[in-house]
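*Asks:* After the sequence you'll find the predicted model.
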Amino acid sequence: MIDEKKNTDIILTYKAVVFISIYYLFVFILGIYFSLKTLLFYLSLVDDVSNISNVLLLTILGSLGMSCIGSSIFYSRKIYKYCINSINLTSPEINFKNIKCLGSFFYYISRPLFSIGFSLLIIVGLLSGFMISSSNKIALTQGFIYINMFLSFFSGFSAGSMIRSLEKKGDLLIKKITKGEQE
């Protein structure tokens, strides 16, 4: 395979592609676990979150979880795109029909999983927006549940568009952050 940005050859066997696909699914599930653990742990400690060690622990767990989700979505997508399109894919024993089949299978398996990650991102985004805009303690109501369910439906329905949008916005965010550090 050729990395699109660096234009270097990457040679993978069929077994390596299968292993990497399973690995990214594992990383994704680990990310979901850490993210949910953080959200649920936070809700159980709402009155005691002023403790700096609790906040730091939750920050680390939640950040690790969301990072696992983001990276597994991005690189899983690369793997199945390479497989489906056979873009400069080279391997000592590769059968392109098998690799395209694996890529297609992984594509359809991973998309609903990606949607779960996007739902968590929506929940975290809305929570952080509410917390930033309110100086008082936030009371989550049924409306919070319904808006998250509504937005999560669309993130699941439009998973491909969501991925492309996140890629563009992610690149812009990184450029903005690194530009700010250089000044």
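*Replies:* That came through fine.

*Asks:* Nearest residue to the most centrally placed residue in the chain in space, please, no chain neighbours.
*Replies:* For the chain, the residue nearest the mean C-alpha position is Gly70 (2.6 Å; C-alpha atoms, centre = their mean). Among residues not flanking Gly70 along the chain, Gly117 sits closest, at 7.4 Å (C-beta to C-beta, 6 or more residues apart in numbering). Every C-beta, even on glycine, is put in place using the N, C-alpha and C of the backbone.

*Asks:* got a list of contacts for stretch 116-132?
*Replies:* 28, 31-32, 35-36, 39, 62, 65-66, 69-70, 72-73, 138, 144, 147-148, 151-152, 155-156, 159, 162 (C-beta atoms under 8 Å, 6 or more residues apart in numbering).

*Asks:* For stretch 60-76, list every residue counted as buried.
*Replies:* If you call a residue buried by 16 or more other C-beta atoms under 10 Å, then stretch 60-76 has these buried ones: 61-62, 65-66, 68-70, 72-73, 76.

*Asks:* same question, stretch 109-123
*Replies:* By neighbour count on 16+ other C-beta under 10 Å, the buried set for stretch 109-123 is 110-111, 113-123.

*Asks:* As TSV, those residues with distance to Ala16 would be great.
*Replies:* As requested, the buried residues of stretch 109-123 are exported to TSV (distance: C-beta to C-beta, whole Å):
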residue	distance to Ala16
Ser110	17
Arg111	22
Leu113	21
Phe114	22
Ser115	27
Ile116	26
Gly117	24
Phe118	28
Ser119	31
Leu120	29
Leu121	29
Ile122	34
Ile123	35
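
*Asks:* Let's see which of those residues end up in helices.
*Replies:* Using DSSP state H, the members of these that fall in helices are 110-111, 113-123.

*Asks:* Show me which of those is closest to Lys81.
*Replies:* Set against Lys81, the nearest of these by C-beta to C-beta is Ser110 (11.1 Å).

*Asks:* which stretches of this structure form helices?
*Replies:* Under DSSP H, the chain gives helices at 14-44, 52-85, 96-133, 142-157, 159-182.

*Asks:* Output those helices in CSV, with mean pLDDT appended to each entry.
*Replies:* Below are these laid out as CSV (pLDDT from 0 to 100):
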stretch, mean pLDDT
helix 14-44, 85
helix 52-85, 81
helix 96-133, 82
helix 142-157, 81
helix 159-182, 82
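
*Asks:* So which of the ones in helices among the buried residues of stretch 109-123 is the closest to Lys176?
*Replies:* Leu121 (18.6 Å).

*Asks:* about what we covered before: give the single residue among the buried residues of stretch 109-123 positioned nearest to Lys169.
*Replies:* Set against Lys169, the nearest of those by C-beta to C-beta is Leu121 (11.4 Å).

*Asks:* if I look at the closest one, how far off is Phe106?
*Replies:* Separation of Leu121 from Phe106 (C-beta to C-beta, to the nearest Å): 21 Å.
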